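A.B. asks: Predicted model, plus sequence, below.
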Amino acid sequence: MKLKNLCSRSDPPQAFRAISNEHFTVLANFDLKLCEGTVKRKTDAYTAFLCDRGSCTLLINNETYTLGKGDLLFCPPGTRIESTEISTDFHSKGFYLTRPFFTELISIPFAMWNVNRYLSRRPVLTLPDKAYAVFCQFYDLISERVAAYEPSPTRTSLITMLMQALIVEFHAAMQQMIDTAPARYTSGDNLYRRFLNLLFSTYPRPRDVSWYADQLSVSPKYLSNVCKENSRLTASKLIQRQVMEDVKRMLVRPDKSIKEIAGELNFNTISFFGKYVKKNLGMSPKTYRATLS
């Protein structure tokens, strides 16, 4: 598998082991010596790694942080990292996620957005014991699955679901810490939260942005702008992604015909349903269902 670069530079880092695909890299150890010296390295994707042994001191966007066992580093793209001190026994495990993949994982549901906001304000935090255990358990499971199988549509879906499960479990383990942190939400933040609650509480989900805008008493354009500010995705894209999650979940069920699925999800005709699925999945419902067998 191709080795992806954690820090933007001309020569790929060979000092840490990684397993990757086009969406993410599983870091077996992020060697901070790659970021040593006077040249600062700039991350080009979302980076999360957990120190599980030793310690290190970093300059993150020119601010000093020290990591020890149980400390998590979370950095969005564009973060500048420079190491100033690394213990000889330092070791870490983590993930490197592309922008589109991270957005897909974190933008919905609502609880994941809270985690994103919480971590974005704290590049380094000490995890509670439960959160530490969850991270390590899923890291080991995902690493094993990524390394064990050849690429396939079902394998990609499995890894994505494992990453989503990690985020859900991690959020649950972090809930008390998040709940007790001071929250400063703007009117746009609150609208986005209401939109997500509406999106997830309505079934079958309307596919028209104007329906959600009417329910929230705002214009479709304003709702889309707020969504884009909070998630980098428009309201239409968020709706489409959730509808497609419903579609994929239904297509897994052998007891449901494609016609029944189309009707349950409120598509007027099976023909329109087929075109919608092909546009968003790149294949017909029948072909997608065949890849699952």
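C.D. replies: Received the coordinates, thanks.
A.B. asks: Quick one: neighbours of residue 122, just the number.
C.D. replies: Using other CB atoms under 10 Å, residue 122 has 14 neighbouring residues. Where C-beta positions appear, they are placed from N, C-alpha and C, glycine not excepted.
A.B. asks: Please name the nearest non-neighbouring residue to it.
C.D. replies: Nearest residue to residue 122 in three dimensions, chain neighbours excluded: residue 74, at 7.6 Å (CB to CB, 6 or more residues apart in numbering).
A.B. asks: Which strand residues bridge that neighbour?
C.D. replies: residue 48 (DSSP bridges).
A.B. asks: Could you do residue 125 as well?
C.D. replies: When bridges are called by DSSP bridges, residue 125 pairs up with residue 72.
A.B. asks: how about the helix or strand harbouring residue 144 as CSV, C-alpha atoms only?
C.D. replies: Taking DSSP states H and E as the definition, residue 144 sits inside helix 129-148. Below are the C-alpha coordinates for helix 129-148, written out as CSV (Å, rounded to 0.1, in the frame of the first residue of the first chain):
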residue,chain,number,x,y,z
ASP,A,129,-9.0,6.3,30.9
LYS,A,130,-12.1,5.1,29.1
ALA,A,131,-11.4,7.3,26.0
TYR,A,132,-7.8,6.1,26.0
ALA,A,133,-8.9,2.5,26.0
VAL,A,134,-11.5,3.1,23.3
PHE,A,135,-8.9,4.8,21.0
CYS,A,136,-6.4,2.0,21.5
GLN,A,137,-9.0,-0.8,20.9
PHE,A,138,-10.3,0.7,17.7
TYR,A,139,-6.8,1.6,16.5
ASP,A,140,-5.7,-2.1,16.8
LEU,A,141,-8.9,-3.3,15.2
ILE,A,142,-8.7,-0.9,12.3
SER,A,143,-5.0,-1.5,11.8
GLU,A,144,-5.6,-5.2,11.6
ARG,A,145,-8.5,-4.9,9.1
VAL,A,146,-6.6,-2.4,6.9
ALA,A,147,-3.5,-4.7,6.7
ALA,A,148,-5.4,-8.0,6.3
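A.B. asks: Next, the angle helix 129-148 makes with the helix or strand just after it.
C.D. replies: Of the helices and strands lying after helix 129-148 in sequence (DSSP H and E), the nearest is helix 153-180. Per axes from the mean of the first three to the mean of the last three CA atoms, to 10 degrees, the angle that helix 153-180 makes with helix 129-148 is 170 degrees.
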